[in-house]
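S.K.: Here's a sequence, model it:
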Amino acid sequence: MGPTARVLARALTWSLTPVLLAAAFVVWLEMPDAADPLVAPGDVPFFVATLSCWLVGVVLTGRAFEQPAGWAFLGLGTALAWSGLTDAYADLALTWRPDAPAGLLAATLSDTSFVWWFVFLALVLQFTPPARSNSPFQRRLPTLTVAAGLVFQVTALLRSTHLDPPHEDLVSPWAFEPLSGLMATAAAAAIILVALCLIASAVELVRVWRRAEGQSRQQLLWLVAGALPVPLCVVASFAVSYGGHTEVAGWLMSAAIVTIAVGAALSVLRYRLYDVERVVTDSAAYAIASVAVIISFVIVLVVVSRTTTIDSSSQLPTILATLAGAATARVSYVWGRKAVERRINRERFDAVETVRSGLTTATPDLDILLTAALHDPRARILYPIDGGNWVTSDGREVSPGGEVVDVRRRGTVTAKIEFDAQQNDRTVIEAVANEAAAEIDNVALRAELARQLELISESRSRLATAHLEERRRIERDLHDGAQQRLLAIALQLQSAKVNGQTNVLRDEVSRAVAELGITVQELRDLAGGLQPAALAGGGLLAAVVDLAVRIPLNITYDVVDQRFAPSIEGAAWFVIAEATTNAVKHASVDDVSITVKVEHASLRVVVADVGVGHACPQGRGLQGLADRVAALRGSLRVTENQPHGTIIEAELPCVS
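M.R.: Numbers count the residues shown, from 1 in each chain. You can find the predicted model right below:
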């Protein structure tokens, strides 16, 4: 149901009880004895029951629209108000205004309206528990209750049984004499069935409470206490009604209704049944503010009018009183809200006030503030980063553990609050999160910045380490390869020179030339590990063409024929070289595709194979590539190719 439909449904149902009571008041004014009190002492339980059910229904349907218990309470309040209206109109039409239409029908409806007390009271008991039984009988019990009530109402209108006092000489205007006996029997069976459904509903509520544990058991405690008198009141009401004491029967049923309404209200207020505390708090705060505004308005109006000589037609007293009321409204609302919150949930109130006070400082430390507010040393705030991971406010990557509450802003989870569930109620954490949500957004930005700085620091550290290791490797390769060969050649030539024989010298020179050729090739290979000559001379396209010729793979490529900054070309080349090397060593494939293109002022490099996949982004080679790319403000992603294989993709900001 959409928001407009919900507003319309609430407007129609919330107004029914007040409209019916107002109509009953209008009818009462038409009676010659209207000077008598509107509410006689014996009618007090009836009016208390009507108003209490209506108020509980308004609160529940306002907060938990989908919960049927609120609508059952509204229905019960409406049924009680309907009884009052039909009773008053029947009294007017049959006693004082014989010309009033439908007086006999109103008397009949008044005589039978009690059935809807039973029906809606049973529905209240059936729907109020958050957890209901799954037995087939209990699932069908609401339908059976309503059906029995409808059968009684129809058959009671069609029977020719005399009405209860004070209209015991009258029968229904719709009585159907040929079937009167059958209708009377059906009505008696239906009302007994309604009563049994009501008793079964109370028994089932007690069973649900006995099976419940922890907070659910506490939530139902007062509701069960209010429901316990219901079976006794129903049985007693039937007994005294058949004894002719219909007024006493009405009192007994009113008492049962009041107890169940009070029990539901206490469950709502004390143990947060349906989490309506916010509605109750707002309502009470607005009520306090309204009273304060009225009092201040009256006081200022009286004081100004009586202490000054202003002309009686002047609007100045009213203006001053209105300004005083406006000035009082905000102060009284804030005070009233705090007073109500403190009494409903002191733990939550203290935690929220601590956070609220701490947020007034220039640069609050939210983790310290949270620990102080919740008295929980394990409490901390975690912030999301790319990849679905979480970090603390200082940028350290962690994994959420234990109980957490999501902090949402505009429908998005902006943080998580981790806490000890044995020390704090979840509703307290949610209230604290709501209070600090704006500041948490600010800290989340700082946490992301701290994380980026930490990543840059780690990247620089790895680059520095990789630089030293690469330098040692080059030194080792030079020492063990080219340097040793050059020394050997020098010794050979020195030996040939000392020997002095021409043929020996000729052979040693030939051997030295061959060794020098091998040494030159080793130096070329060593330099090729750093950057190929084709890259410096022809760019990425030339380097990839050269790579495709030398590598024993079927390489397909689509490379933009364009030059870029040396640092960009170098980083792109190392991505291509590392990805291709991994394919040769680990992927067990014959085909590799290389794509290099410019997209949105970035150079996009993609190397894909259809090998075994499962490349490790944290491996030494790929991690080094990621650091090299990150140093140029780029990004590197390693993903699985479908159905199998690996895709290594880099994006490097560039100016073409």
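
S.K.: if I pick Ala421, what's in contact with it?
M.R.: Residues near Ala421 by C-beta atoms under 8 Å, 6 or more residues apart in numbering: 402-403. Using the backbone N, CA and C atoms, a C-beta is placed for each residue, glycine as well.

S.K.: at 6 Å instead, please
M.R.: Residues in contact with Ala421 (C-beta atoms under 6 Å, 6 or more residues apart in numbering) are Glu403.

S.K.: Could you measure from it over to Gly149?
M.R.: Per C-beta to C-beta, to the nearest Å, Ala421 is found 44 Å from Gly149.

S.K.: got it, and Ala512?
M.R.: Counting by C-beta to C-beta, the separation of Ala512 from Gly149 is 115 Å.

S.K.: go on, Ala379?
M.R.: Separation of Ala379 from Gly149 (C-beta to C-beta) stands at 52 Å.

S.K.: if you count what's nearby, which of those two comes out ahead?
M.R.: Set side by side, Ala379 and Gly149 show more neighbours around Gly149, with 25 against 21, by other C-beta atoms under 10 Å.

S.K.: Can you point out the buried residues in stretch 58-72?
M.R.: 58-64, 67-72 (16 or more other C-beta atoms under 10 Å).

S.K.: Quick check: mean pLDDT of that stretch?
M.R.: Across stretch 58-72, the average pLDDT comes to 79.

S.K.: do the same with stretch 420-431
M.R.: Taken as a whole, stretch 420-431 carries a mean pLDDT of 77.

S.K.: Just the buried positions in it, please.
M.R.: Across stretch 420-431, burial judged by 16+ other C-beta under 10 Å covers 424-425, 427-431.

S.K.: Can you list which of those residues are found in strands?
M.R.: If you go by DSSP state E, the buried residues of stretch 420-431 have nothing in strands.

S.K.: Ala186: which of the residues you listed is nearest?
M.R.: Using C-beta to C-beta, Thr427 comes nearest to Ala186 of the buried residues of stretch 420-431, at 49.8 Å.

S.K.: ok now do the closest one, which residues does it touch?
M.R.: Taking C-beta under 6 Å, 6+ apart, one finds nothing in contact with Thr427.

S.K.: Setting aside sequence neighbours, what's the nearest residue to Thr161?
M.R.: Once flanking residues are discounted, Thr161 sits nearest to Ala184: 5.3 Å by C-beta to C-beta, 6 or more residues apart in numbering.

S.K.: check which helix or strand covers that neighbour.
M.R.: Element membership for Ala184, per DSSP states H and E: helix 180-211.

S.K.: coming back round to it: now the buried residues of stretch 58-72 in CSV, with secondary structure and distance to Gly570?
M.R.: Shown next, in CSV, are these (DSSP: H, G, I helix; E, B strand; the rest coil; distance: C-beta to C-beta, whole Å):
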residue, secondary structure, distance to Gly570
Val58, helix, 72
Val59, helix, 70
Leu60, helix, 69
Thr61, helix, 68
Gly62, helix, 66
Arg63, helix, 63
Ala64, coil, 63
Gln67, coil, 65
Pro68, helix, 69
Ala69, helix, 70
Gly70, helix, 69
Trp71, helix, 71
Ala72, helix, 75
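
S.K.: check contacts around the closest residue to Ile294 other than its chain neighbours.
M.R.: Of all residues not flanking Ile294 in the chain, Gly325 sits nearest, at 7.5 Å (C-beta to C-beta, 6+ apart). By C-beta under 6 Å, 6+ apart, the contact list for Gly325 reads 293, 296-297.

S.K.: Give the next helix or strand downstream of the regular element (helix or strand) spanning Leu516.
M.R.: Assessed by DSSP H and E, Leu516 sits inside helix 502-528. Next helix or strand after helix 502-528 toward the C-terminus (DSSP H and E): helix 533-550.

S.K.: So which elements touch the helix or strand following that next one?
M.R.: Downstream of helix 533-550, the next assigned helix or strand under DSSP H and E is strand 554-559. On a contact count with 3 or more C-beta pairs under 6 Å, 6 or more residues apart in numbering; DSSP states H and E, strand 554-559 meets helix 533-550, strand 591-599.

S.K.: how is the chain carved up into domains?
M.R.: As given by automatic domain parsing, the domain ranges for the chain are 3-275, 281-344, 348-452, 467-527, 533-653.

S.K.: among those domains, which gets the worst mean confidence?
M.R.: Taking the mean pLDDT of the domains of the chain, domain 467-527 comes last: a mean of 63.

S.K.: helix/strand/coil for the nearest residue to Ser635 once chain neighbours are set aside?
M.R.: Closest residue in space to Ser635, ignoring its immediate chain neighbours: Glu651 at 5.3 Å, by C-beta to C-beta, 6+ apart. With DSSP: H, G, I helix; E, B strand; the rest coil as the basis, Glu651 sits in strand.

S.K.: Val355: how many residues sit nearby?
M.R.: By other C-beta under 10 Å, 23 other residues sit near Val355.

S.K.: Contacts only, for it.
M.R.: Counting by C-beta under 6 Å, 6+ apart, Val355 makes contact with 373, 432, 435-436.

S.K.: quick one: which of the residues you listed sit in helices?
M.R.: Residues of these located in helices (DSSP state H): 373, 432, 435-436.

S.K.: Break down the stretch 551-656 of the chain into its helices, ranges please.
M.R.: With DSSP state H, counting those that start in this stretch as the criterion, the stretch 551-656 of the chain has helices at 566-582, 620-631.

S.K.: winner for burial among those?
M.R.: helix 566-582 (a mean of 21; mean count of other C-beta atoms under 10 Å).

S.K.: okay, the angle between that one and strand 554-559?
M.R.: Interaxial angle, helix 566-582 versus strand 554-559 (axes from the mean of the first three to the mean of the last three C-alpha atoms, to 10 degrees): 160 degrees.

S.K.: quick one, helix 566-582 and strand 591-599 angle?
M.R.: 160 degrees.

S.K.: Mind listing residues that contact helix 566-582?
M.R.: So helix 566-582 is contacted by 535, 540, 543, 592, 594, 603, 605, 607, 621, 625, 628-629, 632, 648, 650, 652, 654 (C-beta under 6 Å, 6+ apart).

S.K.: any idea of the angle it forms with helix 533-550?
M.R.: 20 degrees.

S.K.: could I get helix 566-582 in CSV with only the CA atoms?
M.R.: Taking C-alpha atoms only, helix 566-582 is exported to CSV below (Å, rounded to 0.1, in the frame of the first residue of the first chain):
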residue,chain,number,x,y,z
PRO,A,566,57.7,7.7,-20.8
SER,A,567,56.4,6.9,-17.3
ILE,A,568,53.0,5.9,-18.7
GLU,A,569,54.4,3.8,-21.5
GLY,A,570,56.8,2.1,-19.1
ALA,A,571,54.1,1.2,-16.6
ALA,A,572,51.8,-0.1,-19.4
TRP,A,573,54.7,-2.2,-20.8
PHE,A,574,55.4,-3.8,-17.4
VAL,A,575,51.8,-4.7,-17.1
ILE,A,576,51.8,-6.3,-20.5
ALA,A,577,55.1,-8.1,-19.9
GLU,A,578,54.2,-9.4,-16.4
ALA,A,579,50.8,-10.6,-17.5
THR,A,580,52.2,-12.3,-20.6
THR,A,581,55.0,-13.9,-18.5
ASN,A,582,52.4,-15.3,-16.0
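
S.K.: before we move on, the earlier item: which of the buried residues of stretch 420-431 sits closest to Ile417?
M.R.: Using C-beta to C-beta, the buried residues of stretch 420-431 come closest to Ile417 at Ile429, 5.6 Å.

S.K.: Just list the residues touching that closest one, thanks.
M.R.: Applying C-beta under 6 Å, 6+ apart, we find Ile429 in contact with 405, 417, 419.

S.K.: Show me the residues you listed that map onto strands.
M.R.: Using DSSP E, the contacts of Ile429 in strands are 405, 417, 419.
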